[in-house]
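**Q** Coordinates for the following, if possible.
(4 chains)
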Number of protein chains: 2
Amino acid sequence: MDYDLLKANFSRYTELTPAELTQVCTYYQERHISKGEYVLRKGEVCRFEGFVVKGCFRVFTIDDQGNERILYFAAEDWWIMEIDSFINQTASELSVQAIEESTILYITYSAKQELYNTLPKVERLFRIMSQTAVAAWQRRLIRNHSMDAEQRYHHFITAYPEIARRITNRHIASYLGITPEFVSKIRKRRLSNKG
Amino acid sequence: MDYDLLKANFSRYTELTPAELTQVCTYYQERHISKGEYVLRKGEVCRFEGFVVKGCFRVFTIDDQGNERILYFAAEDWWIMEIDSFINQTASELSVQAIEESTILYITYSAKQELYNTLPKVERLFRIMSQTAVAAWQRRLIRNHSMDAEQRYHHFITAYPEIARRITNRHIASYLGITPEFVSKIRKRRLSNKG
DNA sequence: TGCATTTATTGAACTAGTTCAAGCTTTTTT
DNA sequence: AAAAAAGCTTGAACTAGTTCAATAAATGCA
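**A** Below is the predicted model of the structure:
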């Protein structure tokens, strides 16, 4: 099992010694998820925190009319969980589905609690990780208010070219909050402006 | 000085003994801010984390064309800071301005570091607070994608009736990501539907 | 108190994005 | 390899929300 990606992710937030990093990783287990499989469904309790080692997931909501809204994509080096459901062990508002053959490293709720108590430095690690995430979500909200659909599309494909290549137009549309038809029209416009 | 509101806020996230709560509060100082005054301007480094005891603030961005977008309002029991700027001590993307005569309790960057080191439980407190905030920002993003302007307006005034009464329509518009004119039209529509 | 400034309302013309429907392409399944 | 299913593209008609302009109302200031 290869924990290098996970270790690198952790090291971005707090300095841990190689021994500490290795110790933390022992709490994480590997799991393979096939394309289309759900790791979490709306209404279930999120019992794990997952780190994507290989593959890609979509994290999304389903509203009363059955419309799906993709909140984010999680490819290599991203986390998948329903944060509220995981920390309070309550019903999840989100679903998480693999859109490729994937491998994750996951930690259960009880193992996570044990990890926090065993190695208090991990508390700081996830504190900083979460604070960084808050800032990122705030920036995304501002982008959504200050950019139109075409600008948001352009921002997405330049900020995440890797992910953009791997997903369908419908998924991009759902992520951007617009219709798939309008994504087609934006693409057409962009092509004719460049040709 | 009255730390009750701050203590109650902390207690929502982690259990601390009365002694610990009191100890934590000694790191926070009171400051009065007059209406219209800025506590942070875009480009400055955010050197404090503030908790609103009395009054109301707007936290907002200014884009290249000079357009302001309100990210959130912070009245009593809310926090004001630029989280990214505070944790990394880098230039802030946001500005924070008092829209009423206000009182805050604030902690400086170095005092916060000292607090984390002196009382490690605080690390957990802010870890949970930040994780809760991530979930809240995710929910807000989903609302923005799945509701139209009228639904968003209605959600805001029913979720935060207190704040809605205290701010102008322009501010609500800026928060909702629509024009002030359209807020007027929504209000008119709502009135005639009820009369 | 009166003047100046900001804020709210309303309407008419406009635009970004949606909806629906049809035909085409690609992927998945058998 | 064929059939089925899902995804993409395009256009025409529509709608939610914007822009601009003018007027009225509220607020701040000397």
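**Q** Which residues of chain A lie near DNA strand C?
**A** A:Asp148, A:Ala149, A:Glu150, A:Gly177, A:Ile178, A:Thr179, A:Glu181, A:Phe182, A:Lys185 (Cβ under 7 Å from any atom of the strand). To be clear about C-beta, it is placed using only N, CA and C from the backbone, and glycine gets the same treatment.
**Q** Of the residues you listed, which are in range of chain B?
**A** A:Gly177 (Cβ under 8 Å from any Cβ of the partner chain).
**Q** Separate out the buried members of the residues of chain A next to DNA strand C.
**A** A:Ala149, A:Glu150, A:Gly177, A:Ile178 (16 or more other Cβ atoms under 10 Å in any protein chain shown).
**Q** Just list what the helix or strand of chain A with the lowest mean pLDDT packs against, helices and strands only.
**A** Lowest on mean pLDDT, DSSP states H and E among the helices and strands of chain A sits helix A:180-194, with a mean of 84. Other elements packing on helix A:180-194 under the criterion 3 or more Cβ pairs under 8 Å, 6 or more residues apart in numbering or on different chains; DSSP states H and E are helix A:149-159, helix A:169-176.
**Q** For those, could you give me a markdown table that also reports mean pLDDT and distance to B:Ile163?
**A** Below are the helices and strands packed on helix A:180-194 laid out as a markdown table (pLDDT from 0 to 100; distance: least, Cβ to Cβ, whole Å):
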| stretch | mean pLDDT | distance to B:Ile163 |
| --- | --- | --- |
| helix A:149-159 | 97 | 28 |
| helix A:169-176 | 97 | 29 |
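**Q** circling back to that earlier point, of the buried ones among the residues of chain A next to DNA strand C, which pair is most distant in space?
**A** A:Glu150 and A:Gly177 (13.0 Å; Cβ to Cβ).
**Q** How about the residues of chain A by chain B?
**A** Counting by Cβ under 8 Å from any Cβ, the residues of chain A that sit close to chain B are A:61, A:63, A:67, A:69, A:71, A:83-84, A:87, A:93-94, A:116, A:120, A:123-124, A:126-128, A:130-135, A:137-142, A:144-146, A:177.
**Q** most packed of the helices and strands packed on helix A:180-194?
**A** helix A:169-176 (a mean of 20; mean count of other Cβ atoms under 10 Å in any protein chain shown).
**Q** and the angle for that helix with helix A:149-159?
**A** Here helix A:169-176 points in a direction 110 degrees away from that of helix A:149-159 (axes from the mean of the first three to the mean of the last three Cα atoms, to 10 degrees).
**Q** Tell me if helix A:169-176 is near DNA strand D.
**A** Yes - using Cβ under 7 Å from any atom of the strand, helix A:169-176 reaches DNA strand D at A:Asn169, A:Arg170.
**Q** who touches that helix?
**A** Under the criterion Cβ atoms under 8 Å, 6 or more residues apart in numbering or on different chains, residues A:58, A:60, A:68-73, A:99, A:149, A:152-153, A:156-157, A:164, A:179-180, A:182-184, A:187 lie in contact with helix A:169-176.
**Q** same check, this time on stretch A:78-89
**A** Outside stretch A:78-89, the residues that touch it by Cβ under 8 Å, 6+ apart are A:39-40, A:44-52, A:57, A:59, A:72, A:74, A:90-94, A:96, A:104, A:109, B:128, B:131-132, B:134-135, B:138.
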